[in-house]
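Trainee: need a structure here:
(one chain, ligands or ions: 1)
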Amino acid sequence: MISTEVKKAAEYVRERIGEQKRLAIVLGSGLGGLADALQDTISIPYTEIPGFPISGVASHAGALLAGHIDGAPLLLLAGRAHYYEHGNARAMAVPIQTLKELGVETLILTNAAGSLRKDVPPGAASLITDHINFSGLNPLIGAEGNERFVDLGNAYDLELRDRIRAAAKASDAVLHEGVYVWFSGPSFETPAEIRATRVLGGDLVGMSTVPEVILARHQGLRVGGVSLVTNYGAGMESEVLSHAMTMEVAAQGAENMMKLFRAIIADLNTNPL
Ligand code: HPA
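Mentor: Residues are numbered from 1 along each chain as shown. Okay, the predicted model is just below:
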């Protein structure tokens, strides 16, 4: 069931962007380089789109961008709302449902994350292969219908993962992979939480993405995820974790991410999934 809000949002965006786009990418902290590489850009602030969230995180300007990268059409969501801002796990529901309504088929989510593995250092890119929802929250609580019982067996689409790995190889981008663990934030984890998470099979920790993956799978979108590692998990090194520090390291890893994403975008444009 599409809400009138989503219909209105999709109508508003469709009128502005014209041509349908099959690919959308959510830009996480420090991944603004993709927005800079966008051409024929049409930028629509979230504040103009019915039901879109207003993100208060300084580094997450909220705008839906339409355009081309190296000739390939796509949408970029520059900015996301996080659970920790207002305690709303459904904060990204309208944007994701709107993407579906606009004809988007594939959604790639990016984020900044802490690494639990010494061999995956700050600055590295890591393909998300699966997740552990450590928040106890779910964006589909309150949703109706049997579709809410979403299968997450292939949440991070197998074929898309293969294509992302191949794009990394072809473009010489360094790409690790691992399981992403969602903590609600906004405080960082404790060293004990990081140790526990590692024992449980986590490789990356972060404060976003998982609710969006669940919402996107609910809409039947094909989902992919890539983390940019900005720090080791709490207690793995003596440094004090801060948002400023994660932003600084994100900038250092940006070039590798850009290389990777240009290759992914070109490949999905040439050979759509
Ligand atoms: N923990 C949670 N979220 C994060 C981290 C972290 O260490 N780094 C970047 N986002």
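
Trainee: quick one: the residue in the chain sticking out farthest from the centre and the ligand, what's the gap?
Mentor: Distance from the centre of the chain peaks at residue 238, with 28.4 Å (Cα atoms, centre = their mean). For residue 238, the distance to the ligand equals 14 Å [Cβ to the nearest ligand atom, to the nearest Å]. C-beta coordinates here come from the backbone N, C-alpha and C atoms, glycine included.

Trainee: just the pLDDT for that residue.
Mentor: Residue 238 is assigned 83 on the pLDDT scale.

Trainee: how much space between residue 14 and residue 101?
Mentor: Separation of residue 14 from residue 101 (Cβ to Cβ, to the nearest Å) stands at 9 Å.

Trainee: and residue 23, what does it touch?
Mentor: Neighbouring residues of residue 23 by Cβ atoms under 8 Å, 6 or more residues apart in numbering: 72, 73, 74, 75, 104, 105, 106, 107, 108, 265, 268, 269.

Trainee: returning to what we had before: now the residue farthest from the centre of the chain: which helix or strand?
Mentor: Here residue 238 sits in a region with no helix or strand, counting by DSSP states H and E.

Trainee: got the phi and psi for it?
Mentor: Main-chain torsions, residue 238, degrees, to the nearest 10: phi -80, psi -10.

Trainee: for the stretch 51-200 of the chain, which segments count as strands?
Mentor: Assigned by DSSP state E, counting those that start in this stretch, the strands in the stretch 51-200 of the chain fall at 63-69, 72-78, 106-115, 125-133, 175-182.

Trainee: the first one pairs with which strands, and in what direction?
Mentor: Think strand 63-69. strand 39-45 (antiparallel), strand 72-78 (antiparallel) (DSSP bridges).

Trainee: just give me the closest of the contacts of residue 23 to the ligand.
Mentor: residue 108 (18.0 Å; Cβ to the nearest ligand atom).

Trainee: for the residue lying closest to the closest one once chain neighbours are set aside, give me its contacts.
Mentor: Of all residues not flanking residue 108 in the chain, residue 224 sits nearest, at 4.3 Å (Cβ to Cβ, 6 or more residues apart in numbering). Taking Cβ under 8 Å, 6+ apart, we find residue 224 in contact with 106, 107, 108, 109, 127, 128, 156, 157, 160, 161, 164.

Trainee: ditto for residue 232
Mentor: 114, 115, 116, 118, 121, 122.

Trainee: hmm, residue 209 and residue 185 touching each other?
Mentor: No - in this structure, residue 185 is not within contact of residue 209 by Cβ atoms under 8 Å, at 11.8 Å.
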